[in-house]
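[1] The following block contains a protein sequence and its predicted model.
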Amino acid sequence: MAETKVGRIFTPTPNDPDPFVSYKDLRDLGVPYCRLHLRRLIARNQFPAALQFSANRQYWKLSSIRQWQATRPTAVAYRRTGAGDDAA
């Protein structure tokens, strides 16, 4: 499998089957939360805990983020019907 990069995210490769992602990478993966909200979610066990690499560096395993995303509800598009919809 060839190594490909999407934004700053590397897809899994034979040499690195489960890469680490940083806070900045989370946005590229569709996680829109600020650091404070992520801390709150982690404290409530509603988001995967980060691995602390140093005092100011936290990383997540890509697989844990993907698993979390799979548990999230998906939006369903719908059309509201109202009194004025039948008027021509």
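    Happy to help now that I have it. Numbering: from 1, shown residues only.

[2] send the alpha carbons of stretch 21-37 over as PDB?
    Output for stretch 21-37, consisting of C-alpha atoms alone and laid out as PDB, is shown next (Å, rounded to 0.1, in the frame of the first residue of the first chain):
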ATOM      1  CA  VAL A  21      -2.900  12.500  15.000                       C
ATOM      2  CA  SER A  22      -2.600  15.900  16.700                       C
ATOM      3  CA  TYR A  23      -5.200  18.300  17.800                       C
ATOM      4  CA  LYS A  24      -4.800  20.300  14.500                       C
ATOM      5  CA  ASP A  25      -5.400  17.000  12.600                       C
ATOM      6  CA  LEU A  26      -8.700  16.500  14.400                       C
ATOM      7  CA  ARG A  27     -10.300  19.300  12.400                       C
ATOM      8  CA  ASP A  28      -9.100  17.700   9.200                       C
ATOM      9  CA  LEU A  29     -10.900  14.500  10.400                       C
ATOM     10  CA  GLY A  30     -14.100  16.400  11.000                       C
ATOM     11  CA  VAL A  31     -13.900  16.800  14.800                       C
ATOM     12  CA  PRO A  32     -14.900  20.500  15.200                       C
ATOM     13  CA  TYR A  33     -14.500  20.800  19.000                       C
ATOM     14  CA  CYS A  34     -12.200  23.200  20.800                       C
ATOM     15  CA  ARG A  35      -9.600  21.900  23.400                       C
ATOM     16  CA  LEU A  36     -11.800  22.800  26.300                       C
ATOM     17  CA  HIS A  37     -14.800  20.900  25.000                       C
END
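
[3] For that stretch, what is the distance to the chain centroid?
    Relative to its parent chain, stretch 21-37 has a centroid offset of 6 Å by CA atoms, centre = their mean, to the nearest Å.

[4] Buried residues, that stretch. List them.
    Neighbour counts over stretch 21-37 (16 or more other CB atoms under 10 Å) mark 21, 22, 23, 25, 26, 29, 31 as buried. For every residue, glycine as well, the C-beta is placed using N, CA and C.

[5] Write down the beta-bridge partners of the first one, one by one.
    Beta-bridge pairing of residue 21, defined through DSSP bridges, involves residue 60.

[6] please renumber so the chain begins at 561
    Sure, I'll start counting at 561 from here, so that last one is residue 581.
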